[in-house]
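K.L.:
Quick one: sequence and predicted model below, then my questions.
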Amino acid sequence: MVRILFLSFISFFLFLTSFQASAQEEKAVPKAGEGISAFLQRNKRPGKAYYLEFLELNKKQLHGKNELRLGVKYLLPPLKSTTEKTSGNSSSPSATAVGQTIREPLFGKGLEQVRVSGNRLKGACFYVVSGHGGPDPGAIGKVGGVELHEDEYAYDVALRLARNLMEEGAKVYIIIRDAKDGIRDARYLNNSKRETCMGDEIPLNQVERLRQRCIKINELYRKDRKNYTYCRAIFLHVDSRSKRQQTDVFFYHAPSSANGKRLATTMKNTFETKYDIHQPNRGFSGTVSPRNLYVLVNSVPPGVFVELGNIQNTFDQRRFVISSNRQALAKWMMEGFIADYKKNK
């Protein structure tokens, strides 16, 4: 009798263990055209931590390629409790106290911990948008046999800018994001199609792509404008012109936006000052002008559209491929925001 009870207990224990394991091993099938980030976002698992865990769980099904196949059931990472989730899923936290540390996994290993070292942008909110991404690399230049993709270099500058803004106490949304890249110091940045619009797959159609990011910004701004008196969007791009045409950084604003025009002008003046200090014999020929660009006209918060240079020109390429130059671009734009913020008070 004792033996029968013991065997029954063992059978029940094995059944319970099997049931619990199967309950924890949640699976799902991707939709047509869905990337990993969008797939995880739909299944309520956004962010870099879930992304990396998913790759590890499904490395046999992925066969070394970070691409999903239709009809295949993929293991989903276990849902984390609220206290386990990171701050990198939507934006930097609202905390602005000097000395506080914010964790943003998008900046990559070694840089994800951001210490707030100043308060010059306390009370300000920013929407940082790098151009193109996902299925669209944007403009493509070449150095020897190496391709330079606009979206990769604009994204790296965007991350650097976002981090600088956070260090000065600002709330920052990184609208276009890649869960893997982080801030990179390499000269030649590897190309990928992983970028998402805050977790949503980026459409190939240009209008839909631009519309998607404007909708994201406007949804966030509707809430942020109640808490912040200064909200600004910045769109970062790299131009493509004749190889012989060297250009400086230039700035666009929406034709009817007085705040956008002031911001663009302040940015330009900041760059002029920096060039006078660091390259006094060169001068600065960047310009400010109004443009009916979709993202400027259709995003509600005032914004500035920045062209960082000509990706085809040899001299301009140095502005992108040297990481210290990318950092300088980010720092100078941050200082332009600080100067404009002061004017707004």
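P.N.:
The structure has been received and is ready for your questions.
K.L.:
tell me the centre residue of the chain?
P.N.:
When Cα atoms, centre = their mean is applied to the chain, the residue found nearest the centroid is residue 177 (3.3 Å).
K.L.:
thinking that residue is in contact with residue 200, fair?
P.N.:
No. With contact defined as Cβ atoms under 8 Å, residue 177 does not reach residue 200; the gap is 10.3 Å. For every residue, glycine as well, the C-beta is placed using N, CA and C.
K.L.:
Got the confidence number for residue 77?
P.N.:
Note on residue 77: pLDDT of 86.
K.L.:
For it, grab the count of nearby residues.
P.N.:
As a burial measure, residue 77 scores 19 neighbours (other Cβ atoms under 10 Å).
K.L.:
Could you check which helix or strand contains residue 160?
P.N.:
Using DSSP states H and E, residue 160 sits in helix 150-167.
K.L.:
Low-confidence regions, the stretch 151-300 of the chain specifically.
P.N.:
Residues of the stretch 151-300 of the chain meeting the criterion pLDDT under 70: none.
K.L.:
Next, residue 331: phi, psi?
P.N.:
In terms of degrees, to the nearest 10, the main-chain angles of residue 331 are phi -70, psi -40.
K.L.:
these two touch, right, it and residue 163?
P.N.:
No. With contact defined as Cβ under 8 Å, residue 331 does not count as touching residue 163 (10.3 Å).
K.L.:
Compare the two (neighbour count), which wins?
P.N.:
Neighbours per residue, other Cβ under 10 Å: of residue 331 and residue 163, the larger number sits with residue 163, 24 against 14.
K.L.:
Correct me if wrong: that one contacts residue 108.
P.N.:
No. Checked against Cβ under 8 Å, the pair residue 163 and residue 108 is beyond contact range at 10.2 Å.
K.L.:
Identify the contacts common to the two.
P.N.:
Listed as contacting both residue 163 and residue 108 by Cβ atoms under 8 Å, 6 or more residues apart in numbering are residue 183.
K.L.:
rewinding a little: the helix holding residue 160 packs against which elements?
P.N.:
strand 113-115, strand 124-130, strand 171-174, strand 230-239, strand 303-310, helix 323-344 (3 or more Cβ pairs under 8 Å, 6 or more residues apart in numbering; DSSP states H and E).
K.L.:
Could I get the buried residue list for the longest one?
P.N.:
By 16 or more other Cβ atoms under 10 Å, the buried positions in helix 323-344 come out as 323, 325-330, 332-341.
K.L.:
what angle separates it from strand 303-310?
P.N.:
With axes from the mean of the first three to the mean of the last three Cα atoms, to 10 degrees as the basis, helix 323-344 and strand 303-310 are set at 150 degrees to each other.
K.L.:
Please report phi then psi for residue 146.
P.N.:
Here residue 146 shows phi and psi, under degrees, to the nearest 10, equal to phi -100, psi 130.
K.L.:
Kindly state the beta-bridge partners for it.
P.N.:
residue 143 (DSSP bridges).
K.L.:
mind starting the numbering at 6 from now?
P.N.:
I'll keep to 6 as the first residue from here, and by that count the last item is residue 151.
K.L.:
Quick check: it touching residue 193?
P.N.:
Yes. Look at residue 151 against residue 193 with Cβ under 8 Å: they come within range, at 5.0 Å.
K.L.:
So which of those two has more stuff around it?
P.N.:
Taking neighbours as other Cβ under 10 Å, residue 151 and residue 193 compare with residue 193 leading, 16 against 11.
K.L.:
The more buried one: which element?
P.N.:
Assigned by DSSP H and E, residue 193 belongs to no helix or strand.
K.L.:
residues touching it, list them.
P.N.:
148, 151, 153, 326.
K.L.:
how about a cut-off of 6 Å?
P.N.:
Each residue near residue 193 by Cβ atoms under 6 Å, 6 or more residues apart in numbering is listed here: residue 151.
K.L.:
Do a quick rundown of the strands in the stretch 156-305 of the chain.
P.N.:
176-179, 181-182, 201-202, 205-206, 235-244, 255-258, 293-295 (DSSP state E, counting those that start in this stretch).
K.L.:
Adding distance to residue 227, write the ones you listed out as TSV.
P.N.:
Below are these laid out as TSV (distance: least, Cβ to Cβ, whole Å):
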stretch	distance to residue 227
strand 176-179	13
strand 181-182	20
strand 201-202	17
strand 205-206	18
strand 235-244	10
strand 255-258	22
strand 293-295	25
